[in-house]
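**Q** dropping a prediction and its sequence here:
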Amino acid sequence: MLLIDGADAPYWNGLADGALMLPRCEACGTWLWPASDRCGSCGSIQVAWIERAMTGTIFSWTRTWHRFGFTEALDLPFVSIVATVDDCDIRLLGRLDDPDQLDPQIGEAISGRIGSTRVENRDIPTIIWSRNA
Ligand SMILES: [Zn+2]
């Protein structure tokens with residue numbers, strides 16, 4: 001478990017424990033992202049964290065060729081993905097497992113696993129997406 005707090009702590013702690021946990025309003029069923037302690041649709045404070053499968057589709061992507069802050073541990077180039085998680089409206093940032101360096105396609109089906117990215121002296125949980133075969 002990571003030692004973090006805030007509305008999205010269950011997300012980060014879930015990844016650290018091997019599960020994708022996402023928040024949903026128990027009153028109206030709206031998925032809440034960014035995470036919040038109160039539903040923006042109905043105002044309820046009844047928020048449930050629900051384990052989701054790491055499957056989705058590519059919403060957007062970019063390939064990074066030049067290093068910038070906090071990417072020192074990554075091999076260049078690397079592909080960042082914004083993925084829409086299946087069966088909810090939540091979009092998450094992650095990295096694409098990109099051995100062949102073929103351009104991803106918007107809407108392409110992908111599956112995720114939990115890895116980590118070394119940032120300074122910490123390992124940050126990271127979703128690593130792969131193309132579905
Ligand atoms: Zn609600």
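**A** That came through, no problem. Given the structure is predicted, the values throughout are model-derived calculations rather than measurements.

**Q** list the contacts for the residue nearest the centre of the chain?
**A** What sits nearest the mean C-alpha location of the chain, by C-alpha atoms, centre = their mean, is L92, with 3.7 Å. Neighbouring residues of L92 by C-beta atoms under 8 Å, 6 or more residues apart in numbering: G56, V82, A83, V85, I127. In this view, the C-beta of every residue, glycine as well, is placed from N, C-alpha and C.

**Q** so how do I select the buried members of the residues you listed in ChimeraX?
**A** Here is the ChimeraX command that selects the buried residues among the contacts of L92 (16 or more other C-beta atoms under 10 Å):
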select :56,83,85,127
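
**Q** of the contacts of L92, which belong to strands?
**A** Of those, the ones assigned to strands by DSSP state E are G56, V82, A83, V85, I127.

**Q** beta partners for the closest residue to the last one other than its chain neighbours?
**A** In this case it means I127. Leaving aside its sequence neighbours, I127 sits nearest to G94 (C-beta to C-beta, 6 or more residues apart in numbering; 3.4 Å). When bridges are called by DSSP bridges, G94 pairs up with I81.

**Q** what residues does the protein put near the ion?
**A** C25, A27, C28, T30, C39, S41, C42, S44 (C-beta under 5 Å from the ion).

**Q** helix, strand or coil for L15?
**A** helix (DSSP: H, G, I helix; E, B strand; the rest coil).

**Q** contacting residues for the residue nearest to it when sequence neighbours are not counted?
**A** Nearest non-adjacent residue to L15, counting by C-beta to C-beta, 6+ apart: P125, 3.5 Å away. Going by C-beta under 8 Å, 6+ apart, P125 touches L2, W12, L15, A16, I114, G115, S116.

**Q** how is the protein carved up into domains?
**A** 1-52, 53-133 (automatic domain parsing).
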